[in-house]
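Chemist: Dropping a prediction and its sequence here:
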Amino acid sequence: MNVSRRISDLEKLETMPLKKDSLEGPTAPPTSLSEAEALYLYCLGDAVMEARFGNIGIEENMVYTIIYRDISAVVHKCLPEPYRSGDDETVKGWVMAHQNVVDAAWEKFGTVLPLGFDTIIKGSETASPEENLKKWLEENYENLKANFQKVKGRAEVGVQFFLDRKIIAKNLIETSEEIKKLTEEMKEKSPGMAYFYKQKIEMVLKKELEGKADEYFKDFYGRIRKYIDNIRVDKTKKTEGDKQMIMNLSVLIPKDKIMLLGEELAKIKELKGVEVRFTGPWPPYSFVAPT
């Protein structure tokens with residue numbers, strides 16, 4: 001498991017792709033359990049498989065499956081309340097454990113629908129948590145099966161593109177006809193006029209940098225689109241220094257095309273002033289439709 005990648009992508013687990021019973025977010029872990037007061041739901045597997053994964057769950061809880069028709073729900077028993085803590089490291093540990101269980105289920109089943117962190121199925125006066133889980137699976141069965149089909153044989157990967165503005169600017173200064181023309185004219189001007197020319201050159205450079213970023217966005221998007229089934233354009237993030245993130249993508253890709261995508265990204269990375277970051281693969285959190 002790539003720990004640094006897991007920590008950097010925790011935000012993927014904060015969005016609930018399927019309906020969940022509790023959205024309050026990460027409480028002190030349960031210290032004792034009565035008979036199945038609630039069930040913590042990690043993911044759904046597209047197969048009938050009665051399995052015990054061992055004590056790999058949050059707070060080392062025993063993880064096992066509950067079967068409904070041809071769907072296996074991966075769960076552990078818990079109290080009917082969310083996991084909460086004021087300690088960020090504790091919360092990260094819980095989220096990492098959640099991700100590890102989903103990864104283990106993904107490896108075993110091949111196709112899973114991941115659930116967001118803290119998805120808890122409670123019991124009621126008339127039904128146990130397991131009965132309520134199966135009722136939910138029954139009510140959403142057709143939609144769940146459609147989602148399984150959509151992500152079968154596929155994985156999610158993250159792709160980010162960065163420009164080194166200093167390197168790109170240097171290249172533009174050397175190649176832009178307009179900037180060259182203004183630079184030559186500035187040499188013949190008085191210090192006062194030269195200042196205004198310098199300001200104008202900076203404005204032209206800024207405009208051309210924006211144009212170059214837009215050009216690269218369209219080019220890179222088009223070059224990787226042929227390898228993937230679905231794509232989500234996420235918000236770009238602030239970066240330090242001269243780096244500028246121009247594209248932040250989550251993509252759904254057939255597993256047998258991941259190598260081809262990697263080769264295309266390697267070609268893009270050869271461009272001067274361009275950096276590419278590739279993370280994954282992992283289960284398709286971003287491409288599971290709500291029920």
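Modeler: Structure received. Predicted model, so just to flag it, every value in this text is computed and none were measured. Numbering: from 1, shown residues only.
Chemist: Every contact and neighbour count from this point should use C-alpha atoms.
Modeler: Noted.
Chemist: quick one: average confidence on the strand or helix carrying Leu205?
Modeler: Leu205 is located in helix 191-225, with elements delineated by DSSP states H and E. Average pLDDT, helix 191-225: 82.
Chemist: in that helix, what's buried?
Modeler: Ala194, Tyr197, Ile201, Val204, Leu205, Glu208, Leu209, Lys212, Ala213, Tyr216, Phe220, Ile224 (16 or more other Cα atoms under 10 Å).
Chemist: From Asp164, how far off is Lys170?
Modeler: 10 Å (Cα to Cα, to the nearest Å).
Chemist: So for those two, which sits in the more crowded spot?
Modeler: Asp164 (16 against 12; other Cα atoms under 10 Å).
Chemist: Identify the bridge partners of the more buried one.
Modeler: Lys243 (DSSP bridges).
Chemist: how is this structure carved up into domains?
Modeler: Domains of the chain are assigned by automatic domain parsing as 3-152, 155-287.
Chemist: Need the winner for burial among these.
Modeler: Greatest average neighbour count among the domains of the chain goes to domain 3-152 (a mean of 18), per mean count of other Cα atoms under 10 Å.
Chemist: what distance separates that domain from the middle of the whole chain?
Modeler: Between the centre of domain 3-152 and the centre of its host chain there is 18 Å, according to Cα atoms, centre = their mean, to the nearest Å.
Chemist: got it, and stretch 259-271?
Modeler: The answer for stretch 259-271 is 20 Å, by Cα atoms, centre = their mean.
Chemist: cool, and stretch 180-199?
Modeler: In terms of Cα atoms, centre = their mean, the centre of stretch 180-199 is set 48 Å apart from its chain centre.
Chemist: Compute the first-to-last residue distance for it.
Modeler: 14 Å.
Chemist: Contacts for it, please.
Modeler: The contact list for stretch 180-199 (Cα atoms under 8 Å, 6 or more residues apart in numbering) reads Ile173, Glu174, Ile201.
Chemist: on that earlier part again, next secondary structure element downstream of the helix holding Leu205?
Modeler: Criterion used, DSSP H and E; the element after helix 191-225 is strand 230-234.
Chemist: Now do that following strand against helix 191-225, angle only.
Modeler: 150 degrees (axes from the mean of the first three to the mean of the last three Cα atoms, to 10 degrees).
Chemist: and strand 230-234, which strands flank it?
Modeler: Taking DSSP bridges as the criterion, strand 230-234 forms sheet pairs with strand 243-254 (antiparallel).
Chemist: mean confidence for the helix or strand following the partner strand?
Modeler: Moving toward the C-terminus from strand 243-254, the next helix or strand (DSSP H and E) is helix 258-269. In this model, helix 258-269 carries a mean pLDDT of 95.
Chemist: And the contacts of helix 258-269?
Modeler: Helix 258-269 is contacted from outside by Phe220, Arg223, Ile224, Tyr227, Val274, Glu275, Val276, using Cα under 8 Å, 6+ apart.
Chemist: Try it again at 7 Å.
Modeler: Contacts with helix 258-269, where a contact means Cα atoms under 7 Å, 6 or more residues apart in numbering, come from Ile224, Tyr227, Glu275, Val276.
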